[in-house]
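Chemist: the amino acid sequence is not available; the structure is as follows:
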């Protein structure tokens, strides 16, 4: 009861209503969050996807630890979540970096470069780096918009890390790709130009892949690596250029999955099929091994690198296998001779977790991965600040 002379207290009009509506408000909040989550995943599945690069098959264009956006509407309009193609917008072109579902591995997505389109006749010949310029001049014409400038650039003298004068040299074995568009006209090539040894070292040293390291960065005690000399070439497709890497004693992956005439009269790419290859030519599971890629399996076009971090996972894995397990008294000075991650740091930063597969149930595996990342990987990681905002040709 109100005191004499005072106004009676009137409860807020919406006090009881707010109590009654609180469960309904909670439901709406949950529904709003669910709609937002669905929208985010639909956007990722339908318009713009974010991918990370876990392997070295596209080095040096894409390095292990790169994160990139993929334009999933570049070629097709697909139903979210179902992946069914609703409408075709455009077709991939030579040189495009695409994501696709590989044959026989429907739960994976690969990233490779289009090197042949439907109707092309393709041939792949293995040549020594010492004979590339002469071979291309005699066998085919360039595919750039200025072939004369391309030839002049290719013929410039370079400082190699190997000698072509030696009988047993370390020249790389290069998979030279040539094509005839629509199976007509002259054979065309992609204008290979070799980079100097110094340029190649600088380009590859932070790739987190010990197999593309120059032997000077490896150790004489390394047992698990072939100590091959990596050599970098520039390829030209139209007005776009990119780099590829070949190794002196690499596997020279051939085209066994295509046709027996791949090194002679060439293979004719069927309608609706594409030939893809990785830029790391000696370490790429591509059309030479898995065959052509169906147009329906191509999901999108790589657009831009938005973040890049060198976790040193590949380096630590090989370091542990080659040095820490070879002797009970490991020498802290043994390891890969990297300028930003010397052997002394490898000795303290690399652990058995880098070499061992993490077993157990799914939750246990995820928990171990999170702990391993926070406690060991993150402290040794380096952000590649120069790579974000790199547009992908």
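Modeler: That came through fine. Being a predicted model, the structure only gives us computed values, none of them experimental.
Chemist: low-confidence regions, the protein specifically.
Modeler: Applying pLDDT under 70 to the chain flags residues 1-21, 28-29, 32-47, 81-83, 145-155, 167-169, 219-227, 249-253, 326-330, 357-364.
Chemist: longest strand in it, please.
Modeler: strand 298-310 (DSSP state E).
Chemist: can you list contacts of the helix or strand just after that one?
Modeler: Using DSSP states H and E, the next helix or strand after strand 298-310 towards the C-terminus is helix 313-319. Here helix 313-319 makes contact (CB atoms under 8 Å, 6 or more residues apart in numbering) with 56, 64, 208-210, 222, 224-225, 335-336, 338, 341, 346, 349-351, 354-355, 377, 380. Placement of C-beta: from N, CA and C, glycine included.
Chemist: now the longest strand of the chain: how far from the chain's centre is it?
Modeler: Here strand 298-310 is found 8 Å from its chain centre; the criterion is CA atoms, centre = their mean, to the nearest Å.
Chemist: okay, buried residues for it please.
Modeler: Using 16 or more other CB atoms under 10 Å as the test for burial, strand 298-310 gives 298-303, 305, 307-310.
Chemist: farthest-separated two in these?
Modeler: Spatial extent of those (CB to CB) is set by the pair 298 and 310 at 29.3 Å.
Chemist: next up, the contacts around the closest residue to residue 384 other than its chain neighbours.
Modeler: Nearest-residue entry for residue 384: residue 308, 4.0 Å, with adjacent residues in sequence omitted and distances by CB to CB, 6 or more residues apart in numbering. Shown in contact with residue 308 (CB under 8 Å, 6+ apart): 63, 65-67, 383-384, 387-388.
Chemist: and those, which are buried?
Modeler: Neighbour counting over those (16+ other CB under 10 Å) leaves 63, 65-67, 384, 387 as the buried ones.
Chemist: ok, so of the residues you listed, who is nearest residue 331?
Modeler: Proximity of the buried ones among the contacts of residue 308 to residue 331 (CB to CB) peaks at residue 65, which lies at 27.8 Å.
Chemist: the closest one and residue 315, how far apart?
Modeler: The gap separating residue 65 from residue 315 is 11 Å, by CB to CB, to the nearest Å.
Chemist: overlap in contacts, these two.
Modeler: Applying CB under 8 Å, 6+ apart, one finds that residue 65 and residue 315 are jointly contacted by residue 208.
Chemist: what about residue 274, is that helix, strand or coil?
Modeler: strand (DSSP: H, G, I helix; E, B strand; the rest coil).
Chemist: next one: the nearest residue to it once chain neighbours are set aside from residue 308, what distance?
Modeler: Using CB to CB, 6+ apart and skipping the chain neighbours, the partner closest in space to residue 274 is residue 293 (4.9 Å). Distance from residue 293 to residue 308, counting by CB to CB: 26 Å.
Chemist: contacts only, for the residue nearest to residue 197 when sequence neighbours are not counted.
Modeler: Nearest residue to residue 197, sequence neighbours excluded (CB to CB, 6+ apart): residue 161, at 3.5 Å. Residue 161 makes contacts with 170, 197, 200, 214, 229, 231, as judged by CB under 8 Å, 6+ apart.
Chemist: could the residues you listed go into JSON lines alongside secondary structure?
Modeler: What follows is the contacts of residue 161, written out as JSON lines (three-state DSSP):
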{"residue": "170", "secondary structure": "coil"}
{"residue": "197", "secondary structure": "helix"}
{"residue": "200", "secondary structure": "helix"}
{"residue": "214", "secondary structure": "coil"}
{"residue": "229", "secondary structure": "coil"}
{"residue": "231", "secondary structure": "strand"}
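Chemist: which two in these are spaced the farthest apart?
Modeler: Pairwise distances across the contacts of residue 161 peak at 12.6 Å for 170 and 200 (criterion: CB to CB).
Chemist: between the two, who's got more neighbours?
Modeler: Neighbours per residue (other CB atoms under 10 Å) separate residue 170 from residue 200, with residue 200 holding more: 23 against 18.
Chemist: ok, that one - contacts?
Modeler: By CB under 8 Å, 6+ apart, the contact set of residue 200 is 161, 214, 230-232, 245.
Chemist: and for residue 56?
Modeler: Shown in contact with residue 56 (CB under 8 Å, 6+ apart): 63-64, 207-209, 211-212, 280, 283, 314.
Chemist: who are the contact partners of residue 340?
Modeler: 206, 382.
Chemist: can you list the contacts of residue 308 in TSV and add secondary structure and distance to residue 191?
Modeler: Below are the contacts of residue 308 laid out as TSV (DSSP: H, G, I helix; E, B strand; the rest coil; distance: CB to CB, whole Å):
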residue	secondary structure	distance to residue 191
63	coil	24
65	coil	30
66	strand	25
67	strand	30
383	strand	34
384	coil	28
387	coil	25
388	coil	29
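Chemist: now, which of these sits nearest residue 178?
Modeler: residue 63 (27.9 Å).
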